[in-house]
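**Q** no FASTA, just this:
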């Protein structure tokens, strides 16, 4: 089955530690995205990547880093510089067939990060 | 600038009632794309429907229907004869004419009581 996997579903870390969230897709999508969701806040874009080895900052990139070495993978590192990292993190992917196409995004199950 | 407003933060209905979720968008692009997603308690966002700015035809899919009106910049979502399984957070999203990112509204929490 094609889809997006995120692991782990729940993650606990001590304050001051870096942590990497995994996102893998087998949909052959070119574009991948990371969102953060806080209660009542909706989804906020952290980083996105339209193609391998290239990525752009979203609205709240400070304290986060990403890499896109493979088409299938787009890991997100939450660094100790992120002041309030406890949140629900969602990864998404889409085709990138041109600006005149829908390119709707499909989402993974999410990772709930709690920093103690 | 792109913006999506979902003014209804929470809605509660009793099973079998009809309910409409509002979505108002702002964009300067002449070509744009609109989406609705459902987020059940499990957390994963589920894609429901898409529309482009040149297609104002309303759509019905079972108990779900969508009303797209460019004149009022709205893309509203109606659930007919709601069921408990419809309880979720619903998000409206907009993509402009450039490739890439979606702009999400803050979501509407729908609770359907038995």
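**A** That came in fine, so what should we check first? Keep in mind the model is a prediction, meaning the values are calculated, not measured.
**Q** use CA for all of it now, contacts and neighbours both
**A** OK.
**Q** could I get the pLDDT score of residue 58?
**A** No chain specified, so I'll use chain A. Predicted confidence (pLDDT) for residue A:58: 93.
**Q** that was the other one, I meant chain B.
**A** 84.
**Q** repeat that for residue B:99.
**A** Residue B:99 carries a pLDDT score of 66 in this model.
**Q** likewise residue B:9?
**A** As predicted, residue B:9 sits at a pLDDT of 95.
**Q** so who does the spatially closest residue to it that is not a sequence neighbour touch?
**A** Closest residue in space to residue B:9, ignoring its immediate chain neighbours: residue B:108 at 4.7 Å, by Cα to Cα, 6 or more residues apart in numbering or on different chains. With contact set as Cα atoms under 8 Å, 6 or more residues apart in numbering or on different chains, residue B:108 has these partners: B:6-11, B:21, B:89-91.
**Q** sheet partners, orientation included, of the worst-scoring helix or strand of chain B on mean pLDDT?
**A** Least confident helix or strand of chain B, by mean pLDDT, DSSP states H and E, is strand B:59-61 with a mean of 85. If you go by DSSP bridges, strand B:59-61 pairs up with strand B:64-69 (antiparallel).
**Q** before we move on, back to that, over to the residue nearest to residue B:9: give its phi and psi.
**A** With angles defined as degrees, to the nearest 10, residue B:108 sits at phi -120, psi 120.
**Q** give me the pLDDT value at it.
**A** 97.
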